[in-house]
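*Asks:* whatever this is, show me its structure:
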Amino acid sequence: MREPMPGARRALGEMLAAARRGAGVGRRPLSVEQVSERAGVGASWIRWLEAGRNIGLSPAVLGWVADALALRGGPRRRAFDLAGIEEVPELPAFIEPLRPTVRRLIEGAGPYPAYAFGRRGDILAANEATEAVYRCHLVPPLRRNMYLFIFAQPEIRKIIANWDDQARRLVAHLRAEIDRAPQDQVLADLRRYLEAESPDFRALWQAKLGVPAPIKVFLHPRVGRLVFEVESVAIESEPGIRARFYVPRARDGTRGRVAQLLRLYRLDASNGRRRAHQEVVRLVKDHVNACYARDIPLDELAALAGLDKFRLLRVFSAEVGFPPHAYQLLVRVNHARRLLSAGDNAAKVAVQVGFSDQSHLIRQFRRVEGMTPAAYLRGQRAWPSGRS
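*Replies:* Got it, this is the predicted structure:
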């Protein structure tokens with residue numbers, strides 16, 4: 001994020017208010033409530049933005065507001081310039097067609113998770129159990145990718161108990177794919193993106209480690225521990241596309257918990273208010289991901305979501321497993337890991353990610369990771385030699 005110019009926030013508010021009223025563009029004026037509904041954010045938050053208040057602004061949310069106001073070209077760029085932020089580049093869109101018969105196979109695969117994925121790891125089809133276990137409704141469609149789920153989601157280590165094993169298996173899979181097709185630009189772009197996003201990916205890519213058994217252990221916020229054995233098969237009629245099927249391990253209660261989770265998922269799907277709450281949680285997560293380095297008042301998040309703050313706390317905790325301030329701590333520590341792994345000084349990193357000083361960073365890092373930053377870096381350096 002760039003530093004905005006003095007007075008830029010007020011200028012941004014005036015620009016957005018003028019666009020909403022249709023000044024100079026010959027459009028019918030919109031109410032704050034109409035913009036709020038189109039952008040999917042709270043009306044109070046729109047009013048604060050137009051008033052020039054110093055509230056957090058993420059690229060995603062500003063993009064939604066710009067879309068709601070039909071800002072294109074120069075006006076859109078000016079809005080982002082005044083906010084001091086840039087539209088975040090994602091992995092480029094990559095379309096892999098999937099035959100309807102394969103999609104039906106996956107969607108009808110039974111009561112346990114199953115999905116098809118392409119050569120870049122994008123999820124091309126998934127059944128209900130996959131949606132429920134992985135909480136896909138909280139992940140933007142363009143980021144529904146095996147690698148991004150493991151390496152680019154701050155809360156993932158709290159959800160997958162054997163994260164280290166899963167990360168190693170994915171790195172080994174990507175390395176094997178690149179070895180088979182070293183000229184594949186799609187895979188090369190994916191590797192570069194992951195190296196920029198994740199220090200753990202960078203360290204594991206250099207490591208020489210064995211591939212763990214294909215067992216995945218979840219600590220799901222709604223039903224608890226789930227243990228699956230995972231089988232991966234190639235789709236003969238679709239070169240480059242594979243499918244994964246999750247089989248619950250016997251005698252540990254996973255079957256019953258998955259059945260309970262599916263019942264909850266289907267109830268949610270038929271409940272309009274619950275679906276709206278899930279969209280709110282995704283919106284708040286995106287906002288925290290972009291504004292993590294500043295203290296984000298709960299009132300600001302509530303205004304953005306269009307809920308009172310007590311309901312927001314309940315809704316967010318029910319979906320994610322912990323409240324927004326705990327999620328922000330995970331995001332800060334995730335960025336601290338990335339900067340520390342790049343060689344930045346710990347005192348500098350502490351300030352960059354929003355901690356008051358180095359000792360504050362160390363305390364919170366230990367709270368989240370179970371070790372100090374120094375111990376984490378020692379562990380990373382040990383990976384390439386095969387120690388863990």
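*Asks:* mind naming the longest helix for this protein?
*Replies:* Longest helix in the chain by number of residues (criterion: DSSP state H): helix 272-291.
*Asks:* thought residue 369 was touching residue 332?
*Replies:* No. Assessed by Cβ atoms under 8 Å, residue 369 is found out of contact with residue 332, at 11.8 Å. Just so you know, the C-beta spots here come from the backbone N, C-alpha and C atoms, and that holds for glycine as well.
*Asks:* more crowded one of these two?
*Replies:* residue 332 (23 against 17; other Cβ atoms under 10 Å).
*Asks:* separation between the residue lying closest to the more buried one once chain neighbours are set aside and residue 249?
*Replies:* With sequence-adjacent residues excluded and distances taken as Cβ to Cβ, 6 or more residues apart in numbering, residue 332 is closest to residue 353, at 4.6 Å. Counting by Cβ to Cβ, to the nearest Å, the separation of residue 353 from residue 249 is 38 Å.
*Asks:* and for residue 163?
*Replies:* To residue 249, residue 163 is 18 Å away according to Cβ to Cβ.
*Asks:* rewinding a little: name the residues that touch the next helix or strand along the chain from the longest helix of the chain?
*Replies:* Per DSSP states H and E, the first helix or strand lying C-terminal to helix 272-291 is helix 298-305. Outside helix 298-305, the residues that touch it by Cβ atoms under 8 Å, 6 or more residues apart in numbering are 41-42, 44-45, 48, 55-56, 61, 280, 283-284, 287-288, 308-309, 312-313, 324-325.
*Asks:* in this structure, where is pLDDT below threshold?
*Replies:* Scanning the chain for pLDDT under 70 picks out 1-6, 23-27, 87-93, 381-388.
*Asks:* quick one: contacts for the nearest residue to residue 51 once chain neighbours are set aside?
*Replies:* Closest residue to residue 51 apart from its sequence neighbours, by Cβ to Cβ, 6+ apart: residue 13 at 5.8 Å. Counting by Cβ under 8 Å, 6+ apart, residue 13 touches 49, 50, 51, 52, 53.
*Asks:* highest neighbour count among those?
*Replies:* Neighbour counts for those peak at residue 49, which has 25 neighbours (criterion: other Cβ under 10 Å).
*Asks:* name the residues of whichever strand or helix holds that one that are buried.
*Replies:* Element membership for residue 49 (DSSP H and E) is helix 43-50. Across helix 43-50, burial judged by 16 or more other Cβ atoms under 10 Å covers 43, 44, 45, 46, 48, 49, 50.
*Asks:* can I get those residues in TSV including distance to residue 115?
*Replies:* Output for those, formatted as TSV (distance: Cβ to Cβ, whole Å):
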residue	distance to residue 115
43	38
44	39
45	35
46	37
48	40
49	38
50	43
